[in-house]
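Asks: What follows is a predicted protein model with its sequence.
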Amino acid sequence: MLLEALSATLLGLALAWAAAHRLPHRLPARVLVLPTGIAGALFGAFVTHTALGAGGLLPVLLGSAVISAASLSLLLRPAGRLRRRSATA
């Protein structure tokens with residue numbers, strides 16, 4: 001269980017760093033992005049471990065990566081300006 005938590009933390013940190021490095025213009029400050037990735041990965045590991053039991057490290061890490069990516073995607077801002085149409089158009 002400790003190995004799963006440590007692995008999930010490192011995986012979440014790596015995913016958050018990659019997202020912050022690739023999309024700095026669409027994400028908030030790294031101070032928010034990095035802990036969000038780690039927390040999402042730890043929560044994903046907890047949920048997957050609870051659902052599957054002691055099924056192995058690989059499924060737990062897969063669930064961890066999915067939840068971490070989903071929580072990081074919630075931080076994304078729109079790429080460009082939104083076009084607003086008038087009510088009469």
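Replies: It's in.
Asks: host element of the most centrally placed residue in the chain?
Replies: When CA atoms, centre = their mean is applied to the chain, the residue found nearest the centroid is S68 (2.7 Å). In the assignment (DSSP states H and E), S68 maps to helix 57-73.
Asks: do R77 as well
Replies: Applying DSSP H and E, one finds R77 in no helix or strand.
Asks: if we can go back for a sec, please enumerate residues in contact with the helix holding S68?
Replies: 3-4, 7-8, 11-12, 15-16, 19, 33, 36-45, 47-49, 51-52 (CB atoms under 8 Å, 6 or more residues apart in numbering). Glycine gets a C-beta too; all of them are placed from N, C-alpha and C.
Asks: Let's see the PyMOL selection covering just the buried ones among these.
Replies: Only the buried entries of the contacts of helix 57-73 go into this PyMOL selection, using 16 or more other CB atoms under 10 Å:
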select buried, resi 4+7+8+11+12+15+16+19+33+36+37+38+39+40+41+42+43+44+45+48+49
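Asks: Mark which of the contacts of helix 57-73 are part of helices, please.
Replies: The helices, defined by DSSP state H, take in 3-4, 7-8, 11-12, 15-16, 19, 33, 36-45, 47-49, 51-52 from those.
Asks: Identify the residue nearest E4 in space, chain neighbours excluded?
Replies: V60 (5.0 Å; CB to CB, 6 or more residues apart in numbering).
Asks: The one you found and L13, how far apart?
Replies: To L13, V60 is 16 Å away according to CB to CB, to the nearest Å.
Asks: quick one, which of the two is more surrounded?
Replies: Comparing V60 with L13 by neighbour count (other CB atoms under 10 Å), the higher total belongs to V60, at 26 against 16.
Asks: ok, that one to R77 distance?
Replies: 31 Å.
Asks: Show me what counts as buried in stretch 70-83.
Replies: Those would be S71, L72, L75, for stretch 70-83 by 16+ other CB under 10 Å.
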